[in-house]
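Student: compute the structure for the input listed below.
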Amino acid sequence: MLGFGLVSAMLAGCTAAGGAAAKVDFGPNVAVFDPSMPAEKMQAEIDKVYAVQQRNEFGPQRNAFLFLPGEYKLDLPIGFYTEAIGLGASPDDVRIKGNVHADASARNNNATTTFWRAIEGLSVTPSDGTMQWAVSQAIPFRRMHVRGDLVLHQKHGWASGGWMSDSLVDGNVDSGSQQQWISRNSEWKSWTGSNWNMVFVGVPHPPAGEWPEPPYTKVAETPVVREKPFLQVDAKGKYAVIVPELRKDSVGISWHAGKTPGRSIPIEQFYIAKAGVDTAESLNAQLAKGKNLLLTPGIYELADAVRVTRPNTVVLGLGFATLRPTKGTAAMTVADADGIAIAGLLFDAGEVKSPVLLEVGTKGSKTRHAANPISLHDVFFRVGGAGVGRTVGNLIVNSNDTIVDHTWIWRADHGKGVGWDSNVSANGLAVNGNDVTIYGLFVEHHQEYQVRWNGDRGRTYFYQSEIPYDPPNQPSYTSGRGTNGWASYKVADSVTSHEAWGLGIYSVFLQDNVVLSRAIEVPKKPEVRFHHMITVALGNKGEIGNVIDDAGGSTSMTPRVTPKVTDFP
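Tutor: Residues are numbered from 1 along each chain as shown. Okay, here's the model as predicted:
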């Protein structure tokens, strides 16, 4: 696919930091670049991929670029389903001088459909002093060092992002027209821009100003997090996956000392999977042998669930490796076991309805994992868009103390197989475990509750949600007597403690006479607390009646009103 086999085979054994890199077969969709390779040859491969991926919103191609330590002079555009990864211990070990960018994928500088692309572990010196990262959902930006300024839009065209973590920007970050954004454990010289919902968690120098004008939500420390596992090549040329250590009450980046602290798992302890070759049966067989999984780019058609059962197992996807169930099963289940890490995967619903796409733990479990929690990083979900997809739920979290570090759970509002009776999905996320913490929660367009939170002491830092566009009429979109629609974020009446910061919920109803009574529903208890909420009606039909329970008021059209609630209760 795209001629990558030649490049991968040629380069997987190139030098890294002066030593010969181990020869690893990452398959045909991974290019491993070395600074000793002619720049024009690397550029030709990059351009070949981008020619396909620039407009390839729902296509089957998946790609990853891996950069061995050293310096490069390149133009590196990041298209759909493309991931660029620096293989050093520190982002400063891989230095790109030139132009690294994500561009608006629609006309008129519109980046609201610039999805599914990722970049991590690189130092970038932009040729004109500014790196452009014009993006929206499912766009991981991790362990980056921008030696200049960063803009999160393209000429102030529409943008609906986004995510930044563990990154350093020497200059200014300009969010510009971005509707919302979360920055976690990142640092910069300055930040400019605001729109609806900008959240800063564990950021040592957040911008000045307080909600609601500008709409900044600032949480001084990140209470508990494990950074995403990442691929690395050491000074001897040996590949390994680094699993960062758990951080508590952290501020700023993890790699100030030159590298991110954590344990190293040699690549030999991973089974390197390839789409079109591996099945659920073969993946489960490797897991049963005690292997971790490295899923290379591609679409994995699964006739059964992949079952992750061993404590501390790592499942790491490259290039938006995509898991698609074909027989109405889950795509993956995760046991209620310490330290399992799932990262870098796209779960895509199949035509036969699944009960869930990813389930973590066993409902009702009382096992605690606070010392070594299960963690999910850059896990994304899609129902429809590339074709008909059907599921009841997308992500169910049963395990206590789980950390979710960036997710977009999307029932498609455009593409193929899209319609109220076609791409069916009741709920995006259900949380049944206690003490679950989520950073960067994006959940959109599901047909009932977008989020159902049943566990105690849950925490959400940033929430972005569009409710479904396409209910055909109000009777089809009614959760109970006297309640129009289904709240986007629902905390169960049984919950005694819950807290959330920075929530934006938006409507675009396509039919007349369809409304939503309230965006957020919670029990009225003193330890259930919400901070900094906004609702916006983006279309010209319908309304959201209240922001949270009976507070906030309506998103009326004439005059247009954008309700905000600072704290509840």
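
Student: buried residues in the one helix or strand Ser264 maps to?
Tutor: Element membership for Ser264 (DSSP states H and E) is strand 262-266. Using 16 or more other C-beta atoms under 10 Å as the burial criterion, the residues of strand 262-266 that qualify are Gly262, Ile265. No exception for glycine: its C-beta is placed from N, CA and C like everyone else's.

Student: let me see the mean pLDDT of the following helix or strand past that strand.
Tutor: Downstream of strand 262-266, the first helix or strand assigned by DSSP H and E is strand 270-273. Averaging pLDDT along strand 270-273 yields 98.

Student: so what touches strand 270-273?
Tutor: Strand 270-273 is contacted from outside by 24-27, 241, 282-283, 286-287, 289, 291-296, 300, 314, 316, 321, using C-beta atoms under 8 Å, 6 or more residues apart in numbering.

Student: which regions of the stretch 201-350 of the chain lie under the pLDDT threshold?
Tutor: Within the stretch 201-350 of the chain, not a single segment meets pLDDT under 70.

Student: can you map out the strands along it?
Tutor: Here the stretch 201-350 of the chain has its strands, by DSSP state E, counting those that start in this stretch, at 216-219, 222-226, 230-233, 239-244, 246-250, 262-266, 270-273, 292-295, 299-302, 306-308, 314-325, 332-334, 341-348.

Student: make a markdown table out of these and add distance to Ala118.
Tutor: Listed next are the strands of the stretch 201-350 of the chain as a markdown table, based on distance: least, C-beta to C-beta, whole Å:
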| stretch | distance to Ala118 |
| --- | --- |
| strand 216-219 | 24 |
| strand 222-226 | 18 |
| strand 230-233 | 11 |
| strand 239-244 | 16 |
| strand 246-250 | 21 |
| strand 262-266 | 20 |
| strand 270-273 | 18 |
| strand 292-295 | 14 |
| strand 299-302 | 17 |
| strand 306-308 | 21 |
| strand 314-325 | 7 |
| strand 332-334 | 19 |
| strand 341-348 | 7 |
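
Student: and of those strands, who's closest to Gly59?
Tutor: Evaluated with C-beta to C-beta, these place strand 299-302 nearest to Gly59, the distance being 10.2 Å.

Student: and the longest helix seen in the chain, how far out from the chain middle?
Tutor: Counting by DSSP state H, the longest helix found in the chain is helix 39-53. Averaging C-alpha positions (C-alpha atoms, centre = their mean, to the nearest Å) puts helix 39-53 25 Å from its chain's average.

Student: what lies in contact with it?
Tutor: Helix 39-53 has contacts (C-beta under 8 Å, 6+ apart) with 2-4, 7, 31, 33, 59, 61, 63, 65, 72-77, 79-82.

Student: what's the first helix or strand after that helix?
Tutor: Assigned by DSSP H and E, the successor of helix 39-53 is strand 63-67.

Student: elements contacting that following strand?
Tutor: Here strand 63-67 touches strand 30-33, helix 39-53, strand 82-86, strand 314-325, going by 3 or more C-beta pairs under 8 Å, 6 or more residues apart in numbering; DSSP states H and E.

Student: buried stuff in it?
Tutor: Asn63, Ala64, Phe65, Leu66, Phe67.

Student: any idea which helix or strand in the chain has the lowest mean pLDDT?
Tutor: Lowest by mean pLDDT, DSSP states H and E among the helices and strands of the chain is strand 15-16, with a mean of 40.

Student: against Asp75, how distant is Asp128?
Tutor: 12 Å (C-beta to C-beta, to the nearest Å).

Student: I meant to write Val514 there.
Tutor: Computed with C-beta to C-beta, the distance linking Val514 and Asp75 is 46 Å.

Student: what's the closest non-adjacent residue to Arg459?
Tutor: With sequence-adjacent residues excluded and distances taken as C-beta to C-beta, 6 or more residues apart in numbering, Arg459 is closest to Thr437, at 4.8 Å.

Student: ok, that neighbour - how many residues close by?
Tutor: The number of residues packed near Thr437 is 20, by other C-beta atoms under 10 Å.

Student: is it true that it touches Val404?
Tutor: Yes: counting by C-beta atoms under 8 Å, Thr437 touches Val404, with 7.3 Å between them.

Student: OK, contacts around Gln132?
Tutor: By C-beta under 8 Å, 6+ apart, the contact set of Gln132 is His101, Ala102, Asp103, Val151, Gln154.

Student: and the helices in the stretch 351-500 of the chain?
Tutor: Using DSSP state H, counting those that start in this stretch, the stretch 351-500 of the chain contains no helices.

Student: for Tyr463, what are its contacts?
Tutor: With contact set as C-beta under 8 Å, 6+ apart, Tyr463 has these partners: Leu441, Phe442, Val443, Val451, Tyr489, Ala500, Gly502, Leu503, Gly504, Ile505.

Student: can you pull up the bridge partners for it?
Tutor: Taking DSSP bridges as the rule, Tyr463 bridges to Leu441, Leu503.

Student: next one: it from Asn423, what distance?
Tutor: 22 Å.

Student: show me the shaky parts of the stretch 1-150 of the chain.
Tutor: In the stretch 1-150 of the chain (pLDDT under 70), the answer is 1-20.

Student: go through stretch 508-524 and flag the buried ones.
Tutor: Those would be Val508, Phe509, Gln511, Val514, Val515, Leu516, Ser517, Arg518, Ala519, Ile520, Glu521, Val522, for stretch 508-524 by 16+ other C-beta under 10 Å.

Student: quick check: which of the helices and strands packed on strand 63-67 is nearest to Ala349?
Tutor: Judged by C-beta to C-beta, the one of the helices and strands packed on strand 63-67 that comes nearest to Ala349 is strand 314-325, at 7.3 Å.

Student: quick check: Pro77 touching Ser105?
Tutor: No: with contact defined as C-beta under 8 Å, Pro77 does not reach Ser105; the gap is 11.1 Å.

Student: list residues touching both of those two?
Tutor: Common neighbours of Pro77 and Ser105 (C-beta under 8 Å, 6+ apart) are Gln54.

Student: more neighbours: which of the two?
Tutor: Ser105 (23 against 20).

Student: list the residues that contact the residue nearest to the more buried one when sequence neighbours are not counted.
Tutor: Leaving aside its sequence neighbours, Ser105 sits nearest to Thr114 (C-beta to C-beta, 6+ apart; 4.6 Å). Contacts for Thr114 (C-beta under 8 Å, 6+ apart) come out as Ala102, Asp103, Ala104, Ser105, Ala106, Ala134, Val135, Ser136, Ile139, Ala159.

Student: of all those residues, which two lie farthest apart?
Tutor: Ala106 and Ile139, at 14.8 Å, using C-beta to C-beta across the contacts of Thr114.

Student: more crowded one of those two?
Tutor: Set Ala106 next to Ile139 and count neighbours by other C-beta under 10 Å: Ile139 wins out with 25 against 14.
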